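S.K.: Predicted model and sequence follow; I will ask about them next.
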Amino acid sequence: MTIGLRCVACGRTYDIGDRAWRCSCGGLFKLEGTALFAAAGAGSDRPWSLWRYRSSLPIFGSRDRWEQISLGEGSTPIVQDSPGVLLKLDFLMPTLSFKDRGSVVLVSAASELGVRQMVADSSGNAGVSIAAYGARAGIETEVFVPASTSPSKVFQLEAYGAVVRRITGSRDDAAAAAISRLEQTGAFYASHIYNPFFHHGTKTFAFECYEQLAGRMPDAVVIPAGNGTLLLGAALGFAELVDAGLLDRPPRLFAVQAANCSPIAKARGAHVSGSTETAAEGIAIQNPPRLEEMMRAIETTGGDLLLVDEESILRARTALLARGIDVEPTAAAGYAALDGWDSDELGTVLVALTGAGIKTPHAP
Ligand SMILES: [Zn+2]
C-alpha cells in the first residue's frame, strides 16, 4: 500500500506530493499505508537510532537520503528513579528535546518531496529541531515563535540559520502568523502539529520503551502535553505494538498540563483561567488543534489528565537536579505530576523527560 494522507473528518484522501497541510474541509490528516512494528530480534544489524524502526516509518523514495539526514537520534536511556518509577531521558537528542524524533522524519519527507523552503511555528523546541534538520537537508527554514520564548531557544534557532519571527501574543498567534506566511509564499508547512509524518517519528518513543524494557511495560506513561506531539506519537506506537500482537494492551497514558493552562480540563467543563502563564512554556497551549485526539488517547488507554501548579513544577525541577538530572520546566512538569501518585491504584510508571535544562537557564 502506498503511503498517503487521509482526512480524519471526511475521509478524503490526498497524495503526499500534494503538500496539503489540512483537508479542504478543514479536517486534520493521518497517514495511511505504513507497516507495523517488527521486533528487531537477535543478530539484527539495525542501528541504535530511530532508523532501527525504519520498516515501520513512512519512508518513501530514496532511503539513502533519509539516512543521510539522520543525526543518530533516539535510543534515549531509561533510568530507574525509585521503585516502580522509571524516567526516559528523551532530552538526550541532537537538539536536546524529544522533537528530533518527529523532525527527522518530517524534514526527510520534505527533502524527498523536493522542498526548498519551509515554515514552522513553535513554542521553541520543535522550531529548533526543525531548524537543525532543515540546515542538514539544505532547506531554508523560517520559524514563528511567541515573543515570550526563552532567549536560549531563539539563539539556538538563529545558530542553525533559521529566520526567526517573534510574534507578540500567544503560541496560537504565532501559528496564525505562520499560516498566513504560507499563504503568501507557498512554502511547505513543516508543522509538528498538522503534519502526521511527525507523529510517526515520535511513535518510536513507544517502540524504544518496548525494546529497552524487554516487553515488560510500566502500567502507566506520563507525558507533558501541549500540542500532544509526544502523547499522540506514543499512543500511535503503543497501538501499533498491540496490533502487531506484541502487547496485550497499551500502558495507561497520562497527559500533564499546567493548572494555569489546561485545554483538556477546559474541554471537560472545568473552570480554567484561559491564561498561558506557566513556566512550562512547551505546554502553554490554549487551543491545540488535535485536542480531541489527545483526549481520545488518554481515555481509550484508561489514563487521565494530571494538573500541576507552578510551585510544584519548580520544585520538581530542583528535585531532579538533586538527582543529577537537568531538565527545562516543561519536562519537570511531568515529574511534578508524580506528587501523590498512588502506586497501589495506578501501578508502575514511566515519565518522559522531554527537554534539557539548558533550554531555559536557571535563575542566577
Ligand atoms: Zn476532510
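M.R.: Yes, it's here. It should be emphasised that the depicted structure is a prediction, and the values quoted were computed from it without experimental measurement.
S.K.: contacts, neighbours, all on C-alpha from now
M.R.: Noted.
S.K.: Buried residues in the worst-scoring helix or strand of the chain on mean pLDDT, which are they?
M.R.: Every helix and strand in the chain was compared by mean pLDDT, DSSP states H and E; the lowest is helix 63-69, with a mean of 87. Neighbour-count burial for helix 63-69 flags 66-67, 69 (criterion: 16 or more other Cα atoms under 10 Å).
S.K.: So which residues on the stretch 251-364 of the chain come close to the ion?
M.R.: By Cα under 5 Å from the ion, no part of the stretch 251-364 of the chain sits against the ion.
S.K.: if we can go back for a sec, out of the buried residues of helix 63-69, the closest to the ion would be?
M.R.: Relative to the ion, the closest of the buried residues of helix 63-69 is Trp66; by Cα to the ion it sits at 29.2 Å.
S.K.: for Ser49, phi and psi?
M.R.: When quoted as degrees, to the nearest 10, the phi and psi of Ser49 stand at phi -150, psi -180.
S.K.: Model confidence score at it, please.
M.R.: pLDDT recorded at Ser49 is 87.
S.K.: Can you tell me the closest non-neighbouring residue to Thr348?
M.R.: Excluding its sequence neighbours, the residue lying closest to Thr348 (Cα to Cα, 6 or more residues apart in numbering) is Gly84, at 4.5 Å.
S.K.: For burial, what's the neighbour tally of the one you found?
M.R.: 13 (other Cα atoms under 10 Å).
S.K.: Test my guess that it contacts Asp344.
M.R.: No: applying Cα atoms under 8 Å as the test, Gly84 and Asp344 come out as separate, 10.6 Å apart.
S.K.: Domain-wise, how is the protein divided?
M.R.: Split into domains by automatic domain parsing, the chain comes to 1-33, 78-97+197-359, 100-194.
S.K.: May I see these organised as CSV, with distance to Ser49 added?
M.R.: As requested, those are exported to CSV (distance: least, Cα to Cα, whole Å):
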stretch, distance to Ser49
domain 1-33, 22
domain 78-97+197-359, 10
domain 100-194, 10
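S.K.: Minimum distance to Arg52: which of these has it?
M.R.: Closest approach to Arg52 among the domains of the chain (Cα to Cα): domain 78-97+197-359, 9.2 Å.
S.K.: Over to Val119: give its phi and psi.
M.R.: phi -120, psi 140.
S.K.: what's the spacing between it and Phe188?
M.R.: Using Cα to Cα, to the nearest Å, Val119 is found at 6 Å from Phe188.
S.K.: ok, the two, which is more surrounded?
M.R.: Each of Val119 and Phe188 has its neighbours counted (other Cα under 10 Å); Val119 has more, 25 against 19.
S.K.: which residues does that one contact?
M.R.: For Val119, the contact set (Cα atoms under 8 Å, 6 or more residues apart in numbering) comprises 141-144, 178, 181-182, 187-191.
S.K.: Quick check, the residue in the stretch 51-200 of the chain closest to the ion?
M.R.: For the stretch 51-200 of the chain, Cα to the ion, closest residue to the ion: Tyr194, 13.2 Å.
S.K.: Can you lay out the buried residues of helix 63-69 as TSV showing distance to Gly201?
M.R.: Formatted as TSV, the buried residues of helix 63-69 follow (distance: Cα to Cα, whole Å):
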residue	distance to Gly201
Trp66	12
Glu67	14
Ile69	14
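S.K.: ok, those vs Ala109, which is closest?
M.R.: Trp66 (7.7 Å).
S.K.: In contact with the closest one, which residues?
M.R.: Applying Cα under 8 Å, 6+ apart, the residues near Trp66 are 59, 105, 108-109, 112.
S.K.: Quick check: the two most widely separated of these?
M.R.: Val105 and Glu112, at 10.5 Å, using Cα to Cα across these.
S.K.: With neighbour numbers in mind, choose between the two.
M.R.: Regarding Val105 and Glu112, a neighbour count based on other Cα under 10 Å identifies Val105 as having more, with 28 against 18.
S.K.: List every C-alpha atom in the least confident helix or strand of the chain, with coordinates, as CSV.
M.R.: The C-alpha coordinates for helix 63-69 follow below in CSV (Å, rounded to 0.1, in the frame of the first residue of the first chain):
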residue,chain,number,x,y,z
ARG,A,63,16.1,5.6,1.7
ASP,A,64,19.7,6.8,1.4
ARG,A,65,18.5,10.4,1.5
TRP,A,66,16.6,9.8,4.7
GLU,A,67,19.5,8.1,6.4
GLN,A,68,21.9,11.0,5.4
ILE,A,69,19.6,13.5,7.2
